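>>> Model the following, please.
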Amino acid sequence: MNRADLGKQPAQVAAMFDEVAANYDRTNTVLSMGNAALWRIATTKAVAPKPGERILDIAAGTGTSSASLAKSGAHIVAADFSAGMIRVGRERNAGNPNIEFVQADATALPFADGEFDAVTISFGLRNVVEPKKALAEFYRVTKPGGRVVICEFSTPQIAPVRAGYYAYLRYVMPTLVKFASSNDPAYDYLGESIEAWPNQRTLSGWLREAGYRSVAYRNLTLGVVALHRGIKPERSAAPAAS
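Modelled structure (predicted):
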């Protein structure tokens, strides 16, 4: 069985997600204790898709988030690095004219400058080997005046909540994975990657460095997840120096 490590080599990450694609959504529902659906609703509201808009959903996986966005009448480009995820997503969303699946690398997007009204990624930026490079690509393909929305695991601000959350990742989640997934090692990596991921202020800083303005975030589930937002200026400013 394949599992990535915190080096996040693209081939390893893709192979890992290829293997878990078929049961990915079910496993996420179990491990999030049902919160995954609530986080998806919050993300869709933050993106605020409108009919006729063109929206890029990166790390779209099997298209669950894309389907939520597509209900608005917007055209959703569901991009993912994993061929296995794309295959399952196309099968599950066959017949939905508002979703287009594309295999793509978040750090080298195959799209034109300013092509999308909004760019969003849910629980995927953490798995990119060069997240700042990905954010620069998100900025490039966002239209002036367009928006970015990132939903990602984060750092609970209350110490007892943080301690309990990390205990869940280390001791409870591995047990649940045995019942919900066919690839235990893959979810060992996911737990490790969550703990290693920077906090809310750091990611907000990265968005500003990429060039986004009006950057803000709000915590979901006491900071277990954070929803980050930003706007690309109408007159595109040069990204801040890192």
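>>> show me the contacts for the closest residue to Tyr165 other than its chain neighbours.
If the residues on either side of it in the chain are set aside, Tyr165 comes closest to Pro156, at 5.4 Å by C-beta to C-beta, 6 or more residues apart in numbering. Just so you know, the C-beta spots here come from the backbone N, C-alpha and C atoms, and that holds for glycine as well. Residues near Pro156 by C-beta atoms under 8 Å, 6 or more residues apart in numbering: Arg162, Tyr165, Asn219, Leu222, Gly223, Val224.
>>> What subset of those residues is buried?
Among those, the ones that count as buried by 16 or more other C-beta atoms under 10 Å are Tyr165, Gly223, Val224.
>>> Out of these, which sit inside helices?
Residues of the buried ones among the contacts of Pro156 located in helices (DSSP state H): Tyr165.
>>> between the contacts of Pro156, which is closest to Gly230?
Asn219 (16.6 Å; C-beta to C-beta).
>>> How much space separates the closest one from Met85?
Separation of Asn219 from Met85 (C-beta to C-beta, to the nearest Å): 27 Å.
>>> next structured bit after the helix or strand hosting Ser66?
Using DSSP states H and E, Ser66 sits in helix 64-70. Sequence order places strand 75-80 as the next helix or strand after helix 64-70, per DSSP H and E.
>>> quick one: buried residues of stretch 192-202?
Using 16+ other C-beta under 10 Å as the test for burial, stretch 192-202 gives Glu192, Ser193, Ile194, Trp197, Gln200.
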